[in-house]
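1. okay, predicted coordinates and the sequence, questions at the end:
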Amino acid sequence: MRVLGIETSCDETAVALVETNPWSTDILAQVVSTQIALHRPFGGVVPEMATREHLRNLPLLVPQVMREVNLGLDAIDAIAATEGPGLASSLLIGHSYARALAVALSKPMVGVNHLEGHLYSSFLANRRAVEFPFVGLIASGGHTLLVHALGWDRYVKLGSTVDDAAGEAFDKVAKLIGLPYPGGPEIEKMAAKGNAEAFGLPRSFPERDNLNFSFSGLKTAVRFFFEKSPMMQADKEWIYDLCASFQKAVVDVLVRKAVAAVGQARVERLAVSGGVLCNKMLREELEFACYEAGIDLIMPEPAYCTDNAGMIAGTAAEKLAAGVEPRVGDDINPNLDLFSPEPGRDLARGLSVAAKLKNRHAKDVPQESSVVPPGEIEVW
């Protein structure tokens, strides 16, 4: 099954074509058009500008993806697009384009929850079949969330941010100390030269059983240190130390709560995603903590952590292959909730579908008689 995916939830226009097989879902082609340079002078995303870029780029990217795989649009079995959450004007471009293309090709249209796409992206990037149950950590510019995934469409919120998201905190602190947008990569560069133990910045909700996040107090503490020390701001070493201490505080909270969530949910797997997972220190600390705790960490490469269309197309393809009734929304939903079931939907359905998915992978494993010896493989 081949699914074309379109992602325009914020400031990146992405298109991807994926294909399912018995073991995993593979990305055949993917292209992402970023708008970072466009929004950098404004210190953040300007929705109207983002919308215009989506409108300009999307009709160019879809043909580009199909040319890369040397296939026509008639080779597509379904079309998927992000339905929400996200910026309304940006979502509208991708969703409308996907609906029009689906009608023109007489193909099914699938609406995908952006957060569900992030949860699945770890398995997609590592070419692994989705294995329920697991705990998912999403850390991005708009969301910081811990999810207990029991099955398709069966998600339980374990913890979330009560104020700023982790990525948002990086951006705001970077702007405060005069660094360009986006703040995450800039702070990471500065932090690499500093001492992470220089300042005792606060960690939110230290209680072991509290899995919520809060980065507003941390941001305020950084502002206090910065604004109350004008004589020290000329010293680059001081700025390096402040960035390193801030980064360490964010990483400590994310790692500690993610590991605690796995323990509370009594599962074996932790799948992480979101733009903040591009941070090298966070990746290393997660690997070490999960190794010590005996947790199966599923972490994608940085390119798959940020918004991409592969996760949207892959989620739709896996759900269709598992027999899940797709979402066919008539419109976008900027506030689409990952946890609220649709009226009349059987909550146990997600678990049964997860079982069917596992059986499908087991059933489709090739038998010994059907495996071609290495010397007889035809390369073409």
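-> Yes, it's here.
2. can I get stretch 321-330 as PDB, trimmed to CA atoms?
-> C-alpha atoms of stretch 321-330 as PDB (Å, rounded to 0.1, in the frame of the first residue of the first chain):
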ATOM      1  CA  ALA A 321      -3.200  -1.800   7.000                       C
ATOM      2  CA  ALA A 322      -4.300  -2.700  10.600                       C
ATOM      3  CA  GLY A 323      -8.000  -2.200   9.600                       C
ATOM      4  CA  VAL A 324      -8.600   1.000  11.600                       C
ATOM      5  CA  GLU A 325     -11.400   3.100  10.300                       C
ATOM      6  CA  PRO A 326      -9.700   6.200   9.000                       C
ATOM      7  CA  ARG A 327     -10.600   9.700  10.000                       C
ATOM      8  CA  VAL A 328     -12.300  11.500   7.100                       C
ATOM      9  CA  GLY A 329     -12.900  14.900   8.500                       C
ATOM     10  CA  ASP A 330     -14.500  17.500   6.300                       C
END
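3. give me the mean pLDDT for it.
-> Across stretch 321-330, pLDDT averages out at 80.
4. give me the distance from it to the chain's centre.
-> Stretch 321-330 sits 20 Å away from the centroid of its parent chain (C-alpha atoms, centre = their mean, to the nearest Å).
5. repeat that for stretch 209-217.
-> How far stretch 209-217 lies from its chain's middle: 20 Å, per C-alpha atoms, centre = their mean.
6. please apply the same query to stretch 85-94.
-> Centroid separation between stretch 85-94 and its chain, computed with C-alpha atoms, centre = their mean, is 16 Å.
7. go on, stretch 164-171?
-> Centroid separation between stretch 164-171 and its chain, computed with C-alpha atoms, centre = their mean, is 15 Å.
8. cool, and stretch 119-135?
-> Distance, stretch centre to chain centre, for stretch 119-135: 12 Å (C-alpha atoms, centre = their mean).
9. ends of it, how far apart?
-> Stretch 119-135 has an end-to-end distance of 9 Å (C-alpha to C-alpha, to the nearest Å).
10. helix, strand, or coil at Asp330?
-> Secondary structure of Asp330, reduced to three states by DSSP: H, G, I helix; E, B strand; the rest coil: coil.
11. any idea how far Thr161 is from Ala265?
-> 19 Å (C-beta to C-beta, to the nearest Å). C-betas here are computed from N, CA, C, even on glycine.
12. same check, this time on Gln30
-> Distance from Gln30 to Thr161, by C-beta to C-beta: 29 Å.
13. and for Pro47?
-> Look at Pro47 and Thr161: by C-beta to C-beta, they are 21 Å apart.
14. higher neighbour count, these two?
-> A count of neighbours by other C-beta atoms under 10 Å puts Thr161 above the other of Pro47 and Thr161, at 20 against 13.
15. and stretch 8-26, end to end?
-> By C-alpha to C-alpha, one end of stretch 8-26 lies 21 Å from the other end.
16. could you do stretch 189-204 as well?
-> Note: stretch 189-204 ends 24 Å apart using C-alpha to C-alpha.
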